[in-house]
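Student: here is my input, please return the structure:
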Amino acid sequence: MALDQSFVREQFPAFSEASLSGFSHFENAGGSYACRQVIDRLDRFYRQTKVQPYYEFAPSEEAGALMDSARSRLAAWLNVDTSELHFGPSTSQNTYVLAQAMRQMLKPGDEVIVTNQDHEANIGAWSRLEDSGIKVREWKIDPDTAELHPVDLEALLTGHTRMVAFTHCSNVIATVNPVREITDMIHEAGALAVVDGVSFVPHGLPDIQALGADVYLFSLYKVYGPHLGAMYIRNALNAQLPFQGHFFNAKKPGARFTPAGPDHGQIAAVNGVVDYMEAVHDHHADPAASTADKAATVRALLHEQETSLLQPLLDFLGNHPSVRLLGQKKAKSRAPTVAFDVNGKSVAAIASALGKKGLGVGVGNFYAYRLMEALGIKPDEGVLRVSYVHYTLAEEIERLVQALDELLD
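Tutor: Numbers count the residues shown, from 1 in each chain. Prediction:
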C-alpha cells in the first residue's frame, strides 16, 4: 500500500493557495502546514462557540464537548488514558511546569540526567534544578557520530538517579533513538523517563504505552494542528507530583499541570488533527478498523512515503565534498530532517539563496545549542536544515537537490 499524495495534498489549503504557488516548504521541523480539518474546526469554533465552555447553555455546552472530544480522541490515537493527556501553550512551557513539580518532589543529592543532543526545552528546565541542590549529569553524544549510545547512559545511572530526560528523535541529528530499550534501562535503575517527541510525532502518532515513557511531550503545530503543546503524564506519576494549577483543581488529573490553560478554540481544533489522520486511514484501508490499527497503518504509510524520498537526498549530501552531513547516511533509521554544514561557505547565505528560488529551509542552531557546541559548530551560525513530511513531493526533493548542487559548487 502506497500513500496517495494527491488525496493528502487535497487536505491542505496551502497547496491551493495562490500566494504559495511555486514555493516548497522544507522547514517542517519548525512547523508544518495546518490541514483543512484543523482550519475548519478552528473557524467554526470561533464563529459558533467562542464562549466560556461548560456552562448549561447551548454554545457553551458544545464548546466544552468539543474540547473534551479533542482530548479523548487524541489520547486514543496515542494509546493513553484521556486523563493522562494535557494541553499547554507549548512544549517548552509544559516542560517548565513539569520541572517545577519535580523540583518540589526531589531532594538535595538526587540526580537527574539530560543529554546534549536534545532541544533546549528538554535540557534547560531540568538543568536549573541544580539551584535546589539536585545534581544534573549529562549523557553525551558520541562526538564522531552525534549519536546517543545506551551503554553510555548505563554508566551514568546510579542509586541516586531519579529521572532521565532524552529525545525520541533529535531535531538536528534525526536518528530515531531506541526509546523502549532506554526507558527499560531507566526503570530498572528506579528512575523516571521523560521523552521529548517533538521531532518524531509529525511522522506518525506513536503508541506511547509501547514506548514505556513516564512523560512524553510533543508540539501539535508540527503535527498539522494548532499551536499547542501536548503532554502525556502517566497517571501514577501525576498522583505523586505536587500540583501546579489552582488549589481547588488539585484532585483533577487533567488540571493539575495547567496553571494557565491554552486557548479553548485551539484545543477544540485538535479534533481536526484526528479527523485528518482518520481521513488518511479510511482512504487507504478499512474504516471499521480499531483506533490502534488505524494509528499503526497511518504510521506505516507516512514512514514508507518519507523514507522513499530521503535516501537520494542523503546520498547527494553525504557524497558532496563540501558538505558535512550530520547524522546517519541511511534513511532507514532516521526521520526526514537533514542538517548539514558547508565548508568555506555561509549556511545563512545558502539558505537565503534557496529562499529566493522558492525553497524554504531552516538555518541556525534550532535550540540545540549544546549539540552545536559538542560538534564544534558555532551555535550563533549553526547549520542548514532541510525537513519535510509525507505531503512533500519527489519533484520538490529533486528541485532542492538541483538548487543545492548549483549553490554548493
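Student: CA atoms for contacts and neighbours, from now on please.
Tutor: Fine.
Student: which one's the longest helix in this protein?
Tutor: Longest helix in the chain, counting residues (DSSP state H): helix 291-319.
Student: how far does stretch 36-53 sit from the chain's center?
Tutor: Here stretch 36-53 is found 24 Å from its chain centre; the criterion is CA atoms, centre = their mean, to the nearest Å.
Student: residue 55 and residue 61 touch, don't they?
Tutor: Yes. Counting by CA atoms under 8 Å, residue 61 is a contact partner of residue 55 at 5.9 Å.
Student: between those two, which one's more packed in?
Tutor: Neighbours per residue (other CA atoms under 10 Å) separate residue 55 from residue 61, with residue 61 holding more: 16 against 13.
Student: name the helix or strand for the more buried one, please.
Tutor: Per DSSP states H and E, residue 61 falls inside helix 58-78.
Student: dump that helix to PDB, restricted to CA.
Tutor: Provided in PDB are the C-alpha atoms of helix 58-78 (Å, rounded to 0.1, in the frame of the first residue of the first chain):
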ATOM      1  CA  ALA A  58     -26.100  25.500  24.100                       C
ATOM      2  CA  PRO A  59     -23.000  27.100  22.600                       C
ATOM      3  CA  SER A  60     -21.100  26.700  25.900                       C
ATOM      4  CA  GLU A  61     -22.100  23.100  26.200                       C
ATOM      5  CA  GLU A  62     -21.000  22.400  22.600                       C
ATOM      6  CA  ALA A  63     -17.700  24.200  23.300                       C
ATOM      7  CA  GLY A  64     -17.000  22.000  26.300                       C
ATOM      8  CA  ALA A  65     -18.000  18.900  24.400                       C
ATOM      9  CA  LEU A  66     -15.600  19.800  21.500                       C
ATOM     10  CA  MET A  67     -12.700  20.300  23.900                       C
ATOM     11  CA  ASP A  68     -13.400  17.000  25.700                       C
ATOM     12  CA  SER A  69     -13.600  15.100  22.500                       C
ATOM     13  CA  ALA A  70     -10.300  16.500  21.300                       C
ATOM     14  CA  ARG A  71      -8.600  15.200  24.400                       C
ATOM     15  CA  SER A  72     -10.200  11.800  24.300                       C
ATOM     16  CA  ARG A  73      -9.800  11.200  20.600                       C
ATOM     17  CA  LEU A  74      -6.100  12.200  20.500                       C
ATOM     18  CA  ALA A  75      -5.500  10.100  23.600                       C
ATOM     19  CA  ALA A  76      -7.000   7.100  21.900                       C
ATOM     20  CA  TRP A  77      -4.600   7.500  18.900                       C
ATOM     21  CA  LEU A  78      -1.700   7.700  21.300                       C
END
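Student: pLDDT of that helix, averaged?
Tutor: Mean pLDDT, helix 58-78: 98.
Student: quick one: contacts of it?
Tutor: Identification of contacts with helix 58-78 by CA atoms under 8 Å, 6 or more residues apart in numbering yields 45, 48-55, 81-82, 84-86, 205-209, 264, 267-271, 274, 291-292, 295.
Student: can you do 7 Å?
Tutor: Residues outside helix 58-78 that contact it (CA atoms under 7 Å, 6 or more residues apart in numbering) are 48-49, 51-55, 81-82, 85, 205-208, 267-268, 270-271, 274, 291-292, 295.
Student: and the angle from the longest helix of the chain to helix 58-78?
Tutor: For helix 291-319 against helix 58-78, the angle by axes from the mean of the first three to the mean of the last three CA atoms, to 10 degrees is 60 degrees.
Student: which strands or helices does helix 291-319 pack on?
Tutor: Applying 3 or more CA pairs under 7 Å, 6 or more residues apart in numbering; DSSP states H and E, we find helix 291-319 packed against helix 58-78, helix 264-284, strand 323-325.
Student: out of those, deepest packed?
Tutor: Comparing the helices and strands packed on helix 291-319 on average neighbours per residue, with mean count of other CA atoms under 10 Å, the densest one is helix 264-284 at a mean of 22.
Student: so what does that one touch, helix or strand wise?
Tutor: Using 3+ CA pairs under 7 Å, 6+ apart: helix 264-284 touches helix 36-48, helix 58-78, helix 291-319.
Student: switch to 6 Å and redo it
Tutor: Under the contact definition 3 or more CA pairs under 6 Å, 6 or more residues apart in numbering; DSSP states H and E, helix 264-284 sits against helix 36-48, helix 58-78.
Student: any chance of JSON lines for these, columns distance to residue 180?
Tutor: Formatted as JSON lines, the helices and strands packed on helix 264-284 follow (distance: least, CA to CA, whole Å):
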{"stretch": "helix 36-48", "distance to residue 180": "31"}
{"stretch": "helix 58-78", "distance to residue 180": "15"}
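Student: out of these, which gets nearest to residue 172?
Tutor: Ranking the helices and strands packed on helix 264-284 by proximity to residue 172 (CA to CA) places helix 58-78 first, at 24.4 Å.
Student: among the contacts of helix 58-78, name the buried ones.
Tutor: Among the contacts of helix 58-78, those buried by neighbour count (16 or more other CA atoms under 10 Å) are 49, 51, 53, 81-82, 85, 205-208, 267-268, 270-271, 274, 291, 295.
Student: got the phi and psi for the spatially most central residue of the chain?
Tutor: Central residue of the chain (CA atoms, centre = their mean): residue 198, 1.3 Å from the mean position. For residue 198, the backbone dihedrals are phi -60, psi -40 (criterion: degrees, to the nearest 10).
Student: cool, residue 85 as well?
Tutor: According to degrees, to the nearest 10, residue 85 has phi -110, psi 130.
Student: that one reaches residue 234, doesn't it?
Tutor: No. Residue 85 lies out of contact with residue 234 (CA atoms under 6 Å); the separation is 8.7 Å.
Student: which SS class is residue 118?
Tutor: Three-state call for residue 118 (DSSP: H, G, I helix; E, B strand; the rest coil): coil.
Student: contact partners for it?
Tutor: residue 167 (CA atoms under 6 Å, 6 or more residues apart in numbering).
Student: same check, this time on the one 5 residues further on
Tutor: Shown here is residue 123, whose contacts under the criterion CA under 6 Å, 6+ apart are residue 114.
Student: how close does it sit to residue 255?
Tutor: 24 Å (CA to CA, to the nearest Å).
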